[in-house]
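Trainee: show me how the following folds:
(chains A and B, ligands or ions: 2)
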Amino acid sequence: MSTASEVTSLKEEYTRFVGRKLLFMAAVSLCIIIVAGVSATLGSANLSVWEVYSAILARAFPGHFQTTWFAETIVWGLRLHRILMGIVVGAGLGIAGAVMQGILKNPLASPFTLGISSAASFGAALAIILGAGFAGGEYLIIGNTFVFTLLATFAVYGLAKYKGVTPETMILAGIAIMYFFSAMTSFLQYVGRAEQVQEVVFWMMGSLGRSSWEKVYASTIMILICLPYIILKSWDINAIGAGDETAASLGVNVERTRVISMTFASLITASVICFTGTIGFIGLVAPHMTRMIIGGDHRFLIPGSALMGALILLAADTLARTILAPVILPVGIMTSFLGVPFFVYLFLKRRKEFW
Amino acid sequence: MVKITINNVSFSYGSSVILNDLNIVVEDSEILGLVGPNGSGKTTLIKCIDRILKPNGSIFLDGRDLSSMSRGEIAREIGYVPQSGSGAMGTTVFETILMGRRPHISWRVSERDLDIVSDVIELLHLEDLAMREFGQLSGGQRQKVLIARALAQEPSVLLLDEPTSNLDMKHQLEVMEIIREMVQKKNISAVMAVHDLNLAARFVDKLAILKNGRIWAAGEASSLLTAEIIREVYGVEAVVMQLERPFVIPIRSLNGGVACD
Ligand SMILES: Nc1ncnc2c1ncn2[C@@H]1O[C@H](COP(=O)(O)OP(=O)(O)OP(=O)(O)O)[C@@H](O)[C@H]1O
Ligand SMILES: [Mg+2]
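Mentor: Ligands and ions are numbered 1, 2, ... in the order given. Okay, here's the model as predicted:
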């Protein structure tokens, strides 16, 4: 008794459902642009809105806009790359979080679940306190963080492999790795000098204060390299969410998808936190918020989480720069202040059904 | 035509042998019913056919050895309805069923995919649930959605693990009738684990009784469902009425309890 009109209406309903997901992403993108626009005008240097935008536009349309050397230095040399860094780092953490939660089927997973943040902290502490590492000079901390983050990932994989790469084995292995690196970091802090220990603690709070154009490019390139595979595998991550056996029966090579996705998510995490320190919360919560609003289809959830993460981090950093000006707070502190109320609101308002 | 050939199939978890040298064939447009006590290996056999588990021995699909086929190829041929299934976080019923199209689609969902999903939803009367979250459905509603997902997969073999265990009387019949109709209309085959012997007697073409990982007997339901066999396989005293098909009325359990005298 299937009537043609009913079939059309089901299809229409789904198409509208997808449309609303796209609308959400457009809205978040717009918010990012607005916050970025406002953020560019804020800061301790006394520049008017007009001076700021002249400085920005002068580069895009030379000859049409007049700017001063001072304004140009402040805007291009200090503010813009920090804003873009916020967007890129937030997006990276959002993507990594969405992927981790998807492949581990665990809503509490985040880019830091598998011992990544403690490995990163250890790498940084090693560089700060012992001056030892995989690269030299300014890049000591960056290189160390990056290498140790990936090391943690491979260690988790190596441990989990013995019993099959399931969410349970990976999370347990991740916990083991986390305690191992935490203990090592504590040891370093114990033997370190007071100002070194302070630097480690500050690094672990996370900050966009060390951003630069080169770092923006480096993070962006890494994310762009990793993203295509993840987007391509969205369907498989969806299927894994319904259970490993179901996914296998739908033609997914579960173990391979899980390992490769995890590696890419870790790479993305490594390539952003090596410049910023561990910024928690965003990778955990951006995918949650997005899922509450647009549902769990990873084809939309992953880009949605990227946008959401970018928005939260950018907004948090803007507040962190201005709320106690001229003191600039570490953004890691602000993300929680800003994100928690929003998260709780969504959590309480969460509807029984989506839309 | 023979659809599935199961040839000397054995499977062990570690050192415990779960399936022990099974041999059976399933023809085109045929439903094979698997019955047997809990833990007799029905689910294990179904997973072996879908190559979720990798058994010793060989299983052929249309003459092709399943072990030589890729996961994707198998997924285009075989649809699997698990005994119980969880949903992904925050997915609607429509999206869950759409997942059945995964073996066929590259990335974009085509009009045809949406048509197939809509048709299956209609077929199983799930319209009112289509935009609900899967995780919030009742057990029986979920079971119907999982069946719908396997149908959307358009497989040539359906593997169903107790597809009616959570359904009420009406929905049991409805689902069985739909499966029956699909098998005949689309010329596919089905392997179905069932506990309800009466339902099995009515809807399957061939019955295989499993016990302790072996096929204890296989053949027509009418010849297998006798009081004697039920006593030996299940340890249950039953009355079997031989009408146009056998009707099994269980009386009491024979081992343990007050009934054991
Ligand atoms: N992952 C596992 N590891 C070890 N043994 C297992 C595993 N899964 C199942 N078994 C064992 O294999 C045997 C067969 O299990 P199976 O699930 O195939 O039974 P079944 O016939 O489907 O039972 P039911 O009617 O209860 O669904 C049981 O003894 C069970 O304990
Ligand atoms: Mg079973």
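Trainee: near ligand 1 at all, stretch B:11-21?
Mentor: Yes. Figure legend: stretch B:11-21 in contact with ligand 1 (CB under 6 Å from any ligand atom); contacting residues B:13, B:18. Glycine gets a C-beta too; all of them are placed from N, C-alpha and C.
Trainee: in chain B, where's the longest helix?
Mentor: In chain B, assigned by DSSP state H, the helix with the most residues is helix B:169-185.
Trainee: quick one: name whatever helix or strand follows that helix.
Mentor: The element immediately downstream of helix B:169-185 (helix or strand, assigned by DSSP states H and E) is strand B:189-193.
Trainee: need the pLDDT of whichever residue of the stretch 101-250 of chain A sits closest to chain B.
Mentor: Using CB to the nearest CB, the point where the stretch 101-250 of chain A gets nearest to chain B is A:Gly241, with a distance of 2.6 Å. In this prediction, A:Gly241 carries a pLDDT score of 91.
Trainee: can you check A:Ile74 too?
Mentor: Reading off the model, A:Ile74 has pLDDT 85.
Trainee: repeat for A:Trp235
Mentor: Per-residue confidence at A:Trp235 stands at 94 (pLDDT).
Trainee: if you count contacts, what does whichever strand or helix holds A:Pro228 end up packed against?
Mentor: With elements delineated by DSSP H and E, A:Pro228 resides in helix A:213-232, which encompasses its position. For helix A:213-232, the packing partners by 3 or more CB pairs under 8 Å, 6 or more residues apart in numbering or on different chains; DSSP states H and E come out as helix A:80-104, helix A:254-276, helix A:298-322.
Trainee: adding distance to A:Thr246 and mean neighbour count, write the ones you listed out as TSV.
Mentor: TSV is the format used below for the helices and strands packed on helix A:213-232 (distance: least, CB to CB, whole Å; neighbours: other CB atoms under 10 Å in any protein chain shown):
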stretch	distance to A:Thr246	mean neighbour count
helix A:80-104	14	28
helix A:254-276	10	23
helix A:298-322	15	26
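Trainee: out of these, nearest to A:Phe202?
Mentor: Across the helices and strands packed on helix A:213-232, A:Phe202 has its closest neighbour in helix A:254-276 (11.7 Å, CB to CB).
Trainee: what angle do the helix or strand following the closest one and helix A:254-276 make?
Mentor: Toward the C-terminal end, the helix or strand that comes next after helix A:254-276 (DSSP H and E) is helix A:282-294. Comparing the axes of helix A:282-294 and helix A:254-276 via axes from the mean of the first three to the mean of the last three CA atoms, to 10 degrees yields an angle of 120 degrees.
Trainee: quick check: buried residues in the helix holding A:Pro228?
Mentor: A:215-216, A:218-220, A:222-223, A:226-227, A:230 (16 or more other CB atoms under 10 Å in any protein chain shown).
Trainee: just the strands in the stretch 1-150 of chain B please.
Mentor: If DSSP state E, counting those that start in this stretch is used as the criterion, the strands of the stretch 1-150 of chain B fall at B:2-13, B:16-27, B:31-35, B:56-61, B:64-65, B:78-81.
Trainee: so for A:Thr322, which of the ones you listed sits nearest?
Mentor: Of these, nearest to A:Thr322 by CB to CB is strand B:78-81, at 56.1 Å.
Trainee: briefly note if that closest one comes near chain A.
Mentor: Yes. Part of strand B:78-81 sits close enough to chain A to count as contact by CB under 8 Å from any CB of the partner chain, namely B:78-80.
Trainee: for that strand, enumerate the helices and strands it packs against.
Mentor: Packed against strand B:78-81, as judged by 3+ CB pairs under 8 Å, 6+ apart, are the following elements: helix A:244-249, helix B:139-152, strand B:157-161.
Trainee: and the shortest one, what does it pack onto?
Mentor: Contact here means 3+ CB pairs under 8 Å, 6+ apart; on that basis strand B:157-161 packs against helix B:42-49, strand B:78-81, helix B:139-152, helix B:169-185, strand B:189-193.
Trainee: could you pull up the mean pLDDT of that strand?
Mentor: 95.
Trainee: what does it contact?
Mentor: Strand B:157-161 is contacted from outside by B:3-4, B:26, B:42-43, B:46, B:49-50, B:61, B:77-83, B:147, B:150-151, B:179, B:182-183, B:188-193, using CB atoms under 8 Å, 6 or more residues apart in numbering or on different chains.
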